[in-house]
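Chemist: For reference, the sequence and a predicted model appear below.
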Amino acid sequence: MKPVVVLVSVDSNSVLKGAREYKNLLIDLVEEYNLSSVVDVLETGSFGVYLDGVLLEVLPDGIYYLVKSSSDVREIVEEHLLKGRRVFKLEVPPEKVRAGVVEKIEVPQETRVVLRNAGVIDPTNIKEYIARDGYAALAKALTEMKPVDVIEEMKKSGLRGRGGAGFPTGLKWEFTFKVDADQKYVLCNADEGEPGTFKDRLIMEGDPHSVLEGMAIAAYAVGANKGYIYIRGEYYESVRNIRKAIEDAYEYGLLGDNIMGTDFSFHVSVRLGAGAYICGEETALMESIEGKAGRPRLKPPYPPVSGLFGKPTVINNVETFANVAPIILNGADWFRSMGTESSPGTKVFTLVGNVVNRGLVEVPMGTTVRELIYVFGGGVEGGRKLKMVQTGGTAGTFIGTDKLDTPLDYDSFTKYGVSIGSGVILVIDERHCAVDIAKNVLGFFAHESCGKCSPCREGTRVALQTFDRLSKGLAKKEDIEYLWTLADVMQQASLCGLGQSVPVPMKSLLQNFADEMEAHLKKECPTGVCKFVKEKPRRPVLR
Amino acid sequence: MKTSADLDSSLYQRLDDYIESVKEKPGILINVLHKAQEIFGYLPDEVLEYVAEKLDVPVSKVFGVVTFYNFFSRKPKGKYQIKICLGTACYVKGGDKVFERFLEELEVEPEEPTKDGLFSVHPVRCLGACSMAPVVLVGEKDFYGRLTPNDVPSLIKKYREG
Ligand SMILES: Cc1cc2nc3c(=O)[nH]c(=O)nc-3n(C[C@H](O)[C@H](O)[C@H](O)COP(=O)(O)O)c2cc1C
Ligand code: SF4
Ligand code: FES
Ligand code: FES
């Protein structure tokens, strides 16, 4: 070991903050300053804290630094390592790190149910999961509860699906339980593809067993013995950790035949997505697992009646499954003590866009948009003014600053016109133009529409073209009226949730930013993003 | 010395081994195509026909699946595929400007490999790393975050020099 060691904390959160890049930069700089013979740069696991930045520890001094940029790293090398001068402004007190409470300096406490283990345990070590009550809920279900008791507890808990639609999980399981069939399936929807969302990825990377345990409990409840996890193909780390977790669970007799010596058997395999957003839609996902192009099916029949390979199927989101074990273990009343009456429990939000602290937070349902942005997110970057927020993901609502105090849960869309969706909070500052953003969003949907039904296939394309004309000052008042009509048609006539929900961002933009839309009719762009030129742009804006 | 024909057959051998190991599973086509693309770098028609025969499914179905999913490519790509996120969270952080700069620096059109076959530039929607926006992914695992257009030349240089 060399005299000086720099430890870089690498976990699923810090990786997002650039831990690997900073580590590589450290190595380069150490070399550049000819320090290689005295300084070692090593990766270490999580320090168990959640920060906006990457934590380094310099040994033997025992000094912790929080770095947020490459220049912070450079400063530590040039000052501390080269000249032996501590960089006070980047230091974090060691007792804070040891107590795992660094986040409390600036961020109020989160309520961690789903993320209870993420960044705390080694996700590739099943023993660490078991040591924190892992698989205790499965044991309880198998030995002390009948399937109907599990379903009853889930219904009482009021857990609603975290994939976006918020359907009551217990009810879904009950429907599937009640159908008689020789074969049933449990599917985990891990196709997470909505811009701004990466919560499921961090759950799978940080605590893969919590998902498997939830699936196994679901399987026991509905009478299924086979499950699939459909993971987005690009999520290498998730796939790796889930595969390892499955392997270990088999070895420990927690998956496979006769689990824990009972007559309950459950087998799980991984299937990879192949880059089609529409495959997150439950019936498209089933088509894809069956090896076909992932185009949605007409509903009904719904999955509990006829799902994968035509058999009764429960399909839930990753976050939904991660909630199951704590509910079974601690009871429905405990779960209902968090969140709101109609939407109990917590929600994992992803804070993205022009916000200071970008990342994940888990907070009780009913937390307001303002709290998320200003308390947890640290406000708008660069001290700029907030212009709009898109809540709930790409299919979610765009709101102005007047709606920031809306408490978010599964009713906030019907009550206040603010959706919670998959939990994205996309912060957009004053430099951005509503019309330009509309083009980006419609570009996404036009590209991802599977083309099966014309309201969506043609509607998304026409809407994109119309917003494009608006951004060039070529649109007329009738065009805006037409967008409203188009949105209505898509909402009512589209076959699946994709086409049906495109009108959500569309209408909220048209309504909440009506002035800005109209300014463009007069070839005025309040933010100056749009160039009102007649010639064609060099390249289409988006594919 | 190995001829290119030998290499090819060793690639087919790898694909065969995989297919053998999963053949019995229902609906395995997509996983096989994932593997085939991993082995061959892209999916030439010849490989698709081979897969169809091996799995005993119609060629038309294999083509239908390949063209449906973004992940699969029937054209060769650059040795280093540069995926640039234009998802909304990256877009508001200037992802489009990074994208433009890559095209300028490499003098290519999107999805086309550079003349030396080293790079190809692909616009994508959300890489699931939005907290690092704007995000660029080179190859399968090298993520770069918080990029500005000015970071682009040195990033290209890094890969060019290997
Ligand atoms: C276009 C589209 C994309 C979707 N993508 C996802 C996704 O990536 N992950 C997910 O869990 N649910 C997604 N859903 C919702 C699923 O169809 C389904 O409602 C969900 O998996 C049910 O699980 P839950 O009840 O636990 O939320 C999507 C729906 C639509 C219409
Ligand atoms: S609404 Fe869109 S995505 Fe859904 S089936 Fe129709 S075309 Fe496909
Ligand atoms: S940039 Fe705002 S009006 Fe276009
Ligand atoms: S929007 Fe770019 S990584 Fe998610």
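Modeler: Yes, it's here. Since we're looking at a predicted model, the values are computed, not measured. Ligands and ions are numbered 1, 2, ... in the order given.

Chemist: Would you map out the domains in chain B?
Modeler: The record assigns chain B these domain ranges, following automatic domain parsing: B:4-68, B:80-161.

Chemist: Deepest in the core, which of those domains is it.
Modeler: Among those, domain B:80-161 has the highest mean neighbour count (mean count of other CB atoms under 10 Å in any protein chain shown), at a mean of 20. C-betas here are computed from N, CA, C, even on glycine.

Chemist: quick one: low-confidence ranges for chain B?
Modeler: B:1-7 (pLDDT under 70).

Chemist: and with 50 instead?
Modeler: Counting by pLDDT under 50, the ranges of chain B that qualify are B:1-4.

Chemist: Please enumerate the strands of it.
Modeler: With DSSP state E as the definition, chain B shows strands at residue ranges B:80-85, B:119-124, B:136-138, B:142-144.

Chemist: Reformat the ones you listed as a markdown table; add distance to chain A.
Modeler: Formatted as a markdown table, the strands of chain B follow (distance: least, CB to the nearest CB, whole Å):
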| stretch | distance to chain A |
| --- | --- |
| strand B:80-85 | 8 |
| strand B:119-124 | 6 |
| strand B:136-138 | 8 |
| strand B:142-144 | 7 |
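
Chemist: for chain A, where's the lowest mean pLDDT among helices and strands?
Modeler: The helix or strand of chain A with the lowest confidence, counting by mean pLDDT, DSSP states H and E, is helix A:12-16 at a mean of 70.

Chemist: before we move on, back to that, need the strands of chain B in JSON lines with distance to A:Phe175, can you?
Modeler: Below are these laid out as JSON lines (distance: least, CB to CB, whole Å):
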{"stretch": "strand B:80-85", "distance to A:Phe175": "38"}
{"stretch": "strand B:119-124", "distance to A:Phe175": "37"}
{"stretch": "strand B:136-138", "distance to A:Phe175": "40"}
{"stretch": "strand B:142-144", "distance to A:Phe175": "41"}
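
Chemist: Of the domains of chain B, which is nearest ligand 4?
Modeler: Each of the domains of chain B has some distance to ligand 4 by CB to the nearest ligand atom; the shortest is domain B:80-161, at 2.7 Å.

Chemist: Next up, the contacts around residue 78.
Modeler: Assuming you mean chain A. Contact analysis of A:Glu78 by CB atoms under 8 Å, 6 or more residues apart in numbering or on different chains lists A:Tyr33.

Chemist: wait, chain B
Modeler: Contact analysis of B:Gly78 by CB under 8 Å, 6+ apart lists B:113-114, B:117-120.

Chemist: so what's it closest to, chain neighbours aside?
Modeler: Spatial nearest neighbour of B:Gly78, excluding adjacent residues (CB to CB, 6 or more residues apart in numbering or on different chains): B:Ser120 at 3.4 Å.

Chemist: Between the contacts of B:Gly78, which sits nearest B:Cys85?
Modeler: Nearest to B:Cys85, judged by CB to CB, of those is B:Ser120 at 15.7 Å.

Chemist: Strands of the stretch 351-500 of chain A, residue ranges please.
Modeler: Using DSSP state E, counting those that start in this stretch, the strands of the stretch 351-500 of chain A run over A:359-364, A:386-391, A:397-399, A:424-429.

Chemist: Going by residue numbers, what spans are strands in chain A?
Modeler: Using DSSP E, the strands assigned to chain A run over residues A:4-9, A:39-44, A:54-59, A:63-67, A:91-92, A:185-190, A:226-231, A:267-272, A:313-317, A:346-353, A:359-364, A:386-391, A:397-399, A:424-429.

Chemist: what about residue 79, how many residues close to it?
Modeler: By default, I'm working from chain A. 15 (other CB atoms under 10 Å in any protein chain shown).

Chemist: Oops, wrong one, chain B.
Modeler: 16.

Chemist: Grab the nearest non-local neighbour of it.
Modeler: Of all residues not flanking B:Lys79 in the chain, B:Leu118 sits nearest, at 5.2 Å (CB to CB, 6+ apart).

Chemist: rewinding a little: I'd like the strands of chain B laid out as JSON lines, including distance to ligand 3.
Modeler: Formatted as JSON lines, the strands of chain B follow (distance: least, CB to the nearest ligand atom, whole Å):
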{"stretch": "strand B:80-85", "distance to ligand 3": "22"}
{"stretch": "strand B:119-124", "distance to ligand 3": "21"}
{"stretch": "strand B:136-138", "distance to ligand 3": "25"}
{"stretch": "strand B:142-144", "distance to ligand 3": "28"}
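
Chemist: A:Arg74 is nearest to which of those?
Modeler: strand B:142-144 (17.4 Å).

Chemist: Quickly run through the sheet partners of that closest one, with directions.
Modeler: strand B:136-138 (antiparallel) (DSSP bridges).

Chemist: Identify the residue of chain B closest to ligand 2, quick one.
Modeler: Taking CB to the nearest ligand atom, chain B has B:Phe68 as its residue nearest ligand 2, at 11.1 Å.

Chemist: Sorry, wrong one. I was asking about the stretch 301-450 of chain A.
Modeler: A:Cys450 (3.5 Å).
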